[in-house]
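Q: 3D model of this:
(chains A, B, C and D)
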2 protein chains.
Amino acid sequence: MLLADDQALVRGALAALLALESDLEVVAEVGRGDEVVARARESRADVCLLDIEMPGADGITAAAAVRDALPGVRTLIVTTFGRPGYLRRALEAGASGFVVKDTPARQLAEAVRKVHAGLRVVDPSLATESLLDGANPLTEREREVLTVALGGGTVAAIAGVVHLSAGTVRNHLSSAIGKTGTSTRAEAARVAQERGWL
Amino acid sequence: MLLADDQALVRGALAALLALESDLEVVAEVGRGDEVVARARESRADVCLLDIEMPGADGITAAAAVRDALPGVRTLIVTTFGRPGYLRRALEAGASGFVVKDTPARQLAEAVRKVHAGLRVVDPSLATESLLDGANPLTEREREVLTVALGGGTVAAIAGVVHLSAGTVRNHLSSAIGKTGTSTRAEAARVAQERGWL
DNA sequence: ACCCGCCCATGACAGGTGTCACGGCCACGC
DNA sequence: GCGTGGCCGTGACACCTGTCATGGGCGGGT
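A: Numbering: from 1, shown residues only, chains lettered A, B, ... in the order given. Reported below is the predicted structural model:
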């Protein structure tokens, strides 16, 4: 089993926690998303425990990379933020499980075992919430623009980053504002991020 | 020793990690900041390990509460975000230590021992950074207004929340924008939060 | 071929925003 | 007393934003 989390303390602590289970063994630890595949291959891990927030590549793209490069290896996402959009994207990336860091510690080992056995593990409260608010309604460009808008700069600054005209950026923002039911782009960006649409 | 972190998984994992050290014992675990003092008292903990991001009360105010209510008990802040302002406020709240979750797992036990022995433990890289950008230049009202501005609403909305005139809010925001070296209030709010000024 | 949706862009308009100058109130320190 | 600085408010101005209408290009479905 491979452990990926950017916070060394949490990574070490999770390793200690899982070491208590005699049938589980942590064979590798990484702190970056773009090192997952290589280390998983060389350590012959059969399950990858991935945090989402990581430098290099986030856990979801890491999961997709594992699915493509190491088909036999299963992935389990463990994250702080139970955003519905994250769950959806994680499953699309081929993850076998999705666990929030709020869950009791004892259930983690159980989740790892289930994933290893080929079962799916999904936080139940999150699953219903995910069905409730549906898919991401944002267009690709709207996502891109809104992501840059998170920084808080002016329209001109955003336009410079995404190489678009200022007017076009405003149109995309206006559309995103409508879809999020907000009235300013800052609000729209915040809401979209909370929902995992970015 | 008492462990406070809102994420059950992390809490359990840290407990497992610290249990490996024979001279340390976790006597209580809480998931909310406002339960720290009561549980620390009844469990007779001598050190409190506090996360900052917690419901009820954040780790810094919890540290202040512990200092006031249980003078003999020392507190050690363990947090995800190494914001200079956090360190400053933590020390002002009487915390004996400040550790970022990026630090290697092995050093945590050592930090706990040092704090228990009455020493101060401060992340060195953070300490220099904290000296570098100095104290929080924001006025009390500027802080308040900027905190609400984080939500992303319009000036009118902010003014309604803080019970001020819209013009005054704009003046405070303009001043905060100047102090943060930014050019929009969204940027200013983001920067101020990153620096721990909110 | 046709419609549809996404993408890009422009122009115009009302309203919001950032800045500045000004005034008044209060608490604090010299 | 008097200066200083925070706090609150008003007014005015240039600029930025959000919205809408319009148009053209592109690909995907029927």
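Q: Can you give the contact residues for the helix or strand containing A:L131?
A: Applying DSSP states H and E as the criterion places A:L131 in helix A:124-133. The contact list for helix A:124-133 (CB atoms under 8 Å, 6 or more residues apart in numbering or on different chains) reads A:82, A:84-85, A:87-88, A:98, A:100, A:195. To be clear about C-beta, it is placed using only N, CA and C from the backbone, and glycine gets the same treatment.
Q: just the residues you listed now: which is nearest chain B?
A: Nearest to chain B among the contacts of helix A:124-133, counting by CB to the nearest CB, is A:V100 at 7.9 Å.
Q: partners of the closest one in the sheet?
A: Beta bridges link A:V100 to A:T79, judged by DSSP bridges.
Q: Who are the contact partners of it?
A: By CB under 8 Å, 6+ apart, A:V100 lies in contact with A:78-82, A:123, A:126, B:9.
Q: One more: A:T75?
A: Listed by CB under 8 Å, 6+ apart, the contact partners of A:T75 are A:47-48, A:50, A:62-63, A:66-67, A:93-97, A:115.
Q: Can you say which of the contacts of helix A:124-133 are buried?
A: The neighbour-count test (16 or more other CB atoms under 10 Å in any protein chain shown) marks A:82, A:84-85, A:87-88, A:98, A:100, A:195 as buried among the contacts of helix A:124-133.
Q: which secondary structure element contains A:I158?
A: Secondary structure from DSSP H and E places A:I158 in helix A:155-162.
Q: Return the list of helices and strands in contact with that helix.
A: Applying 3 or more CB pairs under 8 Å, 6 or more residues apart in numbering or on different chains; DSSP states H and E, we find helix A:155-162 packed against helix A:140-149, helix A:166-180.
Q: A:G72 contacts A:D46, correct?
A: Yes: in this structure A:G72 lies within contact range of A:D46 using CB atoms under 8 Å: 7.2 Å.
Q: higher neighbour count, those two?
A: Taking other CB atoms under 10 Å in any protein chain shown, A:G72 and A:D46 do not tie; A:D46 has more neighbours (15 against 6).
Q: chain center to the helix or strand of chain A with the lowest mean pLDDT, what's the gap?
A: One helix or strand of chain A scores below all others by mean pLDDT, DSSP states H and E: helix A:124-133, with a mean of 77. The chain centre lies 16 Å from the centre of helix A:124-133; the measure is CA atoms, centre = their mean, to the nearest Å.
Q: With stretch A:63-79 instead?
A: Worked out by CA atoms, centre = their mean, stretch A:63-79 lies 12 Å from the chain centre.
Q: Mind listing what's buried along that stretch?
A: Buried positions in stretch A:63-79, judged by neighbour count with 16+ other CB under 10 Å: A:63-67, A:70, A:73-79.
Q: could you dump that stretch to PDB, C-alpha only?
A: Extracted C-alpha coordinates of stretch A:63-79, given in PDB (Å, rounded to 0.1, in the frame of the first residue of the first chain):
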ATOM      1  CA  ALA A  63      -5.600   8.300  -9.600                       C
ATOM      2  CA  ALA A  64      -6.200   8.700 -13.300                       C
ATOM      3  CA  ALA A  65      -2.500   8.200 -13.900                       C
ATOM      4  CA  VAL A  66      -2.400   5.100 -11.800                       C
ATOM      5  CA  ARG A  67      -5.400   3.700 -13.600                       C
ATOM      6  CA  ASP A  68      -3.800   4.200 -17.000                       C
ATOM      7  CA  ALA A  69      -0.300   3.100 -16.000                       C
ATOM      8  CA  LEU A  70      -0.900   0.300 -13.500                       C
ATOM      9  CA  PRO A  71      -4.300  -1.200 -14.200                       C
ATOM     10  CA  GLY A  72      -4.200  -3.700 -11.400                       C
ATOM     11  CA  VAL A  73      -3.600  -1.100  -8.700                       C
ATOM     12  CA  ARG A  74      -6.700   0.300  -6.900                       C
ATOM     13  CA  THR A  75      -6.900   3.900  -5.600                       C
ATOM     14  CA  LEU A  76      -8.600   5.300  -2.500                       C
ATOM     15  CA  ILE A  77      -9.100   9.000  -2.200                       C
ATOM     16  CA  VAL A  78      -8.800  10.500   1.300                       C
ATOM     17  CA  THR A  79      -9.500  14.200   1.500                       C
END
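Q: Looking at that stretch now, give me its mean pLDDT.
A: Taken as a whole, stretch A:63-79 carries a mean pLDDT of 94.
Q: How many neighbouring residues does A:V162 have?
A: Neighbour number of A:V162 under other CB under 10 Å is 15.
Q: and what of A:V30?
A: 24.
Q: for it, what are its contacts?
A: Contact analysis of A:V30 by CB under 8 Å, 6+ apart lists A:2-4, A:36, A:39.
Q: Out of the residues you listed, the closest to chain B would be?
A: Taking CB to the nearest CB as the measure, chain B lies nearest A:L3 of those, at 10.6 Å.
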